[in-house]
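Participant: Fold the following.
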Amino acid sequence: MATKTSFTPEEWQLLMEGIMSSGVAVTAADPSGLWGLLKEGMASASTLVAAKSNPQSNELIKAIVADIETKDARSRIQDGLRKKFAGAKPGEVKTRSIDALQQASRLLDAKAPDEAAAIKGLMQTIGQSVAQAASEGGVLGIGGVKVSEPEKATLSEISKALNLPA
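Facilitator: Have a look, this model is predicted:
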């Protein structure tokens, strides 16, 4: 059974950034304006809270989420993501987020094979929650679609990056 100590600090950082990258990829695929961005951010946070409180979540998920909840870790994640996305346009942010998910997926397969499927499932669920959080198109949240075509395509890319079924 893998624990936080199974990973180097750099690998642990990659896992935390990977958790956040799923939502970032979906948001970047089809930006929804300020209100949509807030809804999508809340969806990501709610999914993490649900994972932490779920009695069926493995200890590695709980450790990752507990770290993400700390001010120090959030600061490190923000700094890491800022470096990854420096100068990037929305499409490039999405691509770099997908790359981070692929790296996290390979790391999980190598160092935490027993927990990998559950953590990748959490990453996928975050993307789905973010995609469904705010309607795309329409005016002032009226009309539009729940999940846009670019978001659907990104969810498919996330599943592929994590080596999971769509």
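
Participant: Check the burial of V65 by counting its neighbours.
Facilitator: V65 is flanked by 20 other residues according to other Cβ atoms under 10 Å. For glycine as for every other residue, the C-beta is placed from the backbone atoms N, C-alpha and C.

Participant: Would you check how far apart it and K111 are?
Facilitator: Taking Cβ to Cβ, to the nearest Å as the measure, V65 falls 18 Å from K111.

Participant: List of residues touching the helix or strand bottoming out on mean pLDDT in the chain?
Facilitator: Taking all helices and strands of the chain together, the one with the lowest average confidence (mean pLDDT, DSSP states H and E) is helix 33-53, at a mean of 90. Under the criterion Cβ atoms under 8 Å, 6 or more residues apart in numbering, residues 19-20, 23, 26-27, 31-32, 57, 61-62, 65-66, 68-69, 122, 125-126, 129-130, 132-136, 141 lie in contact with helix 33-53.

Participant: Nearest residue to the middle of this protein?
Facilitator: Per Cα atoms, centre = their mean, the C-alpha nearest to the average position across the chain is that of S22, at 2.7 Å.

Participant: Which helix or strand contains that residue?
Facilitator: According to DSSP states H and E, S22 maps onto helix 9-29.

Participant: For that helix, which helices and strands make contact with it?
Facilitator: With contacts taken as 3 or more Cβ pairs under 8 Å, 6 or more residues apart in numbering; DSSP states H and E, helix 9-29 sits against helix 33-53, helix 59-68, helix 71-85, helix 90-111, helix 113-133, helix 149-162.

Participant: Tell me the gap between the last one and the middle of its chain.
Facilitator: For helix 149-162, the distance between its averaged C-alpha position and the chain's averaged C-alpha position is 12 Å (Cα atoms, centre = their mean, to the nearest Å).

Participant: What of the shortest one?
Facilitator: Counting by Cα atoms, centre = their mean, helix 59-68 is centred 14 Å from the centre of its parent chain.
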